[in-house]
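Q: got a predicted model here, sequence first, then my questions.
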Amino acid sequence: MRRGDLSARARRNADWIEQHLRVPEGRLVGRPVKLSPEQLRWLEEIYGSPTRRMILSFPRKNAKTTTAAFLVLLHLCGPEALPNSQLYSAARSRDQASVLFDLALKMIRLSPDLDHYLTVRDTVKEIVCTELGSEYKALSADAKTKYGLSPALVVHDELGQVVGPRDELYDALETACAAQESPLTVIISTQAPSDGDLLSMLIDDAMTGADPESKCILYAVPEDADPFDMDVLSCAQPNWHLMNQAEVRRMADEAKRMKSKEAAFRNLIANQRVAADALLVSRSAWVACGGAVPDYAGEPCWVGLDLSARSDLTAMVQVWQADDVWCARPFVWAPEQGLYERARRDRAAYDVWARDGALFLTRGASIDYDDIARFCADECGDWDVQRVAFDRWRIDVFRASLERVGLDHWIERLHPHGQGYRDMTPAIDAFEAVLLNGSLRHGMHPALTAAAASAIAESDHTGGRRLTKSRATGRIDALVALVMAIGVAAGAQEAGQIHDGEVFFV
């Protein structure tokens, strides 16, 4: 963007930055700042029209933190400063919080104008403009005081490091902004690894355009492009001219040769949503199958059941075929007591899912299998169930619950399904085939979608695969149940076994 294209407010802010700030470090240290066309674009997006939240997501080494320091000083003592205002930057650790603070401090020391007006309290990471009464403080996730604040500006640095859809520091600062008339949140970060992580959810929501004051500028190599192609890669770097391009090329060549380095390169340099472990389900494939699920009309169906420990999620997924498409309907349960605490622990929106009817609650502080069995008797008694694939964990307890509610035909169709390579490999293969062929409809159920966004397939030396809960970034119970249901259904169809009444037709 050219300076002549800026609105009056954005141009005023750009002029102030270039007039008063100096490059804080690197080969151009001490020289007056010269904003790049992309940085001018960011200023226009933030200040050219009403903005509540601005997300800037781009790869490392593109002056993310330096840009964040520009904004902090702009609101601390520049034309955006308000009397007695509070400004905060938020980071995941104290060391990371110090980086932005230290860059702002270097800019102050290099500028005679600012150094005269600002007081630095280095030990508490705080800078104060005594003339205006405005103050800036760098906070970290382990800070003791996160509440009682009233920020006019919050800069979230590297929010992509937050695992899961919730973060206590983010929530505390965002809810504190309600006391301000026109608060501004700026998020500057590389992308998070998973669709189920907080930053990914904020980006996806902003990209819908549902809230015109929530904006996002995303620089990333497209999923279907080659991240090792330097021409493609350069297009994902807003400040390519500032980067050591020879070093980037070296990293690209190394990541191409060494699979262990590919994920980190894709995430940090190509700014793609890539976890260190390979996720089983790609976002694009999952969304493509996210259409509405038709009503169940009595077709033969299969059920996957993943029972839980007493305080975790229990998931059941029913699948059936309608018009050559596999339909999936999940049912997920959690104990009613302690729900919010578990939501914070797992960084999952259990309370929101329960409110919206996507999560069923059982009585007490632990999973009540009798409640689940009664639900199955009341809501699922007329299903034409072929098989109920189950993980052997606690199945004896659930079987007794089924007996108490009289679901004898379910008990007859219980089918043990191991979680090791032998049973899970063909089930995962069947699930992948249905998903990649676009032959699945799951309706974007939130618990199932969250599970799909974090499920990791672990391989053995023979190429066998299983879903691993220990390395997943979230609860994957619902996806495990879906994979088992698809797997047992595919196995039955391949063998020509469909149960009708009391007879198996083979």
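A: Here it is on my side, so go on. Residues are numbered from 1 along each chain as shown.

Q: least trustworthy helix or strand in the protein by mean pLDDT?
A: Least confident helix or strand of the chain, by mean pLDDT, DSSP states H and E, is strand 503-505 with a mean of 30.

Q: any idea which element residue 38 lies in?
A: If you go by DSSP states H and E, residue 38 is part of helix 37-47.

Q: correction: residue 217
A: Per DSSP H and E, residue 217 falls inside strand 214-218.

Q: list the contacts of that strand.
A: The contact list for strand 214-218, computed with CB atoms under 8 Å, 6 or more residues apart in numbering, reads 41-42, 45-46, 51-58, 191, 202-203, 205-207, 271. Quick note: C-beta positions are derived from backbone N, CA and C, even for glycine.

Q: for it, which strands pair with it and how are they oriented?
A: Based on DSSP bridges, the pairing partners of strand 214-218 within the sheet are strand 53-57 (parallel).

Q: check the offset of the strand holding residue 217 from the chain's centre.
A: Strand 214-218 sits 16 Å away from the centroid of its parent chain (CA atoms, centre = their mean, to the nearest Å).

Q: quick one: that strand to helix 37-47, angle?
A: Angle between the axes of strand 214-218 and helix 37-47 is 170 degrees (criterion: axes from the mean of the first three to the mean of the last three CA atoms, to 10 degrees).

Q: re earlier: filter the contacts of strand 214-218 to the buried ones?
A: Buried subset of these (neighbour count, 16 or more other CB atoms under 10 Å): 41-42, 45-46, 51, 53-58, 191, 202-203, 206, 271.

Q: and which of these is nearest to residue 308?
A: Nearest to residue 308 among those is residue 202, at 29.2 Å by CB to CB.

Q: my read: the closest one touches residue 54, true?
A: No. Here residue 202 does not reach residue 54: they are 10.8 Å apart, not a contact under CB atoms under 8 Å.

Q: next, show the common contact partners of these two.
A: Common contact partners of residue 202 and residue 54 (CB under 8 Å, 6+ apart): 187, 216.

Q: what residue is smack in the middle of the chain?
A: What sits nearest the mean C-alpha location of the chain, by CA atoms, centre = their mean, is residue 197, with 1.6 Å.

Q: for that residue, give me phi and psi.
A: phi -80, psi 160 (degrees, to the nearest 10).

Q: same check on residue 80?
A: phi -90, psi 0.

Q: how about residue 390?
A: Per degrees, to the nearest 10, the backbone of residue 390 is at phi -140, psi 150.

Q: same deal with residue 182?
A: The phi/psi pair for residue 182 (degrees, to the nearest 10) is phi -140, psi 70.

Q: which pLDDT does the model give it?
A: Listed pLDDT for residue 182 reads 89.

Q: could you number the chain from 14 rather than 1 from now on?
A: Happy to do that; since the first residue is 14 now, the last one works out to residue 195.

Q: okay, buried residues for whatever helix or strand comes next after the strand holding residue 230 please.
A: The first helix or strand that comes after strand 227-231 along the chain, using DSSP H and E, is helix 243-247. Neighbour counts using 16+ other CB under 10 Å place residue 246 of helix 243-247 among the buried residues.

Q: helices or strands next to helix 243-247 in the packing?
A: helix 258-270 (3 or more CB pairs under 8 Å, 6 or more residues apart in numbering; DSSP states H and E).

Q: how close does residue 32 sit to residue 91?
A: Separation of residue 32 from residue 91 (CB to CB, to the nearest Å) stands at 10 Å.

Q: residue 439 too?
A: Noted for residue 439: a distance of 63 Å to residue 91, by CB to CB.

Q: what does residue 152 give?
A: 21 Å.

Q: residue contacts, residue 348?
A: 323, 324, 374, 375, 376, 377, 378, 379, 380, 381.

Q: now, which of the residues you listed sits nearest residue 16?
A: Using CB to CB, residue 374 comes nearest to residue 16 of the contacts of residue 348, at 56.9 Å.

Q: give me the pLDDT value at the closest residue to residue 254 other than its chain neighbours.
A: The shortest distance from residue 254 to any non-neighbouring residue, by CB to CB, 6 or more residues apart in numbering, is to residue 49 (7.3 Å). Residue 49 carries a pLDDT score of 91 in this model.

Q: mind listing the helices in the stretch 314-463 of the chain by residue range?
A: 352-359, 363-368, 382-392, 408-418, 421-425, 434-449, 459-465 (DSSP state H, counting those that start in this stretch).

Q: mind listing the residues bridging to residue 339?
A: Beta-bridge partners recorded for residue 339 (DSSP bridges): residue 334, residue 453.

Q: please identify the helix or strand for the closest residue to residue 48 other than its chain neighbours.
A: Excluding its sequence neighbours, the residue lying closest to residue 48 (CB to CB, 6+ apart) is residue 27, at 5.7 Å. Residue 27 is part of helix 21-33 when elements are defined by DSSP H and E.

Q: got the CA coordinates for that helix in CSV?
A: In CSV, the C-alpha atoms belonging to helix 21-33 read as follows (Å, rounded to 0.1, in the frame of the first residue of the first chain):
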residue,chain,number,x,y,z
ALA,A,21,-6.0,10.6,7.5
ARG,A,22,-5.8,8.7,10.9
ALA,A,23,-3.6,5.9,9.5
ARG,A,24,-1.3,8.4,7.7
ARG,A,25,-0.9,10.5,10.9
ASN,A,26,0.1,7.3,12.8
ALA,A,27,2.6,6.3,10.1
ASP,A,28,4.1,9.7,10.1
TRP,A,29,4.6,9.6,13.9
ILE,A,30,6.2,6.2,13.8
GLU,A,31,8.7,7.2,11.2
GLN,A,32,9.4,10.6,12.8
HIS,A,33,10.0,9.4,16.4
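
Q: relative orientation of it and helix 50-60 in degrees?
A: 130 degrees.

Q: helices or strands up against helix 21-33?
A: helix 50-60, helix 77-89.

Q: torsion angles phi and psi at the nearest residue to residue 303 once chain neighbours are set aside?
A: Counting by CB to CB, 6+ apart, residue 457 is the residue found nearest to residue 303 once chain neighbours are left out, at 4.2 Å. The phi/psi pair for residue 457 (degrees, to the nearest 10) reads phi 60, psi 40.

Q: tell me how far residue 457 lies from residue 467.
A: From residue 457 across to residue 467, the span is 15 Å (CB to CB).

Q: which one of these two has more residues nearby?
A: residue 467 (27 against 15; other CB atoms under 10 Å).

Q: where are the low-confidence patches of the stretch 14-163 of the chain?
A: The model of the stretch 14-163 of the chain has pLDDT under 70 over residues 155-161.

Q: at 50 what do you get?
A: Judged against pLDDT under 50, the stretch 14-163 of the chain has no low-scoring part.

Q: verify the contact between residue 89 and residue 146 for me.
A: No. Counting by CB under 8 Å, residue 146 is not a contact partner of residue 89; they are 10.9 Å apart.

Q: the two - which one has more neighbours?
A: Taking neighbours as other CB under 10 Å, residue 89 and residue 146 compare with residue 89 leading, 25 against 13.

Q: who are the contact partners of the more buried one?
A: 100, 131, 140, 142, 147, 148, 149.

Q: I'd like these written out as a markdown table, with secondary structure and distance to residue 489 added.
A: As requested, the contacts of residue 89 are arranged in a markdown table below (DSSP: H, G, I helix; E, B strand; the rest coil; distance: CB to CB, whole Å):
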| residue | secondary structure | distance to residue 489 |
| --- | --- | --- |
| 100 | strand | 39 |
| 131 | strand | 49 |
| 140 | strand | 44 |
| 142 | strand | 49 |
| 147 | strand | 46 |
| 148 | strand | 44 |
| 149 | strand | 41 |
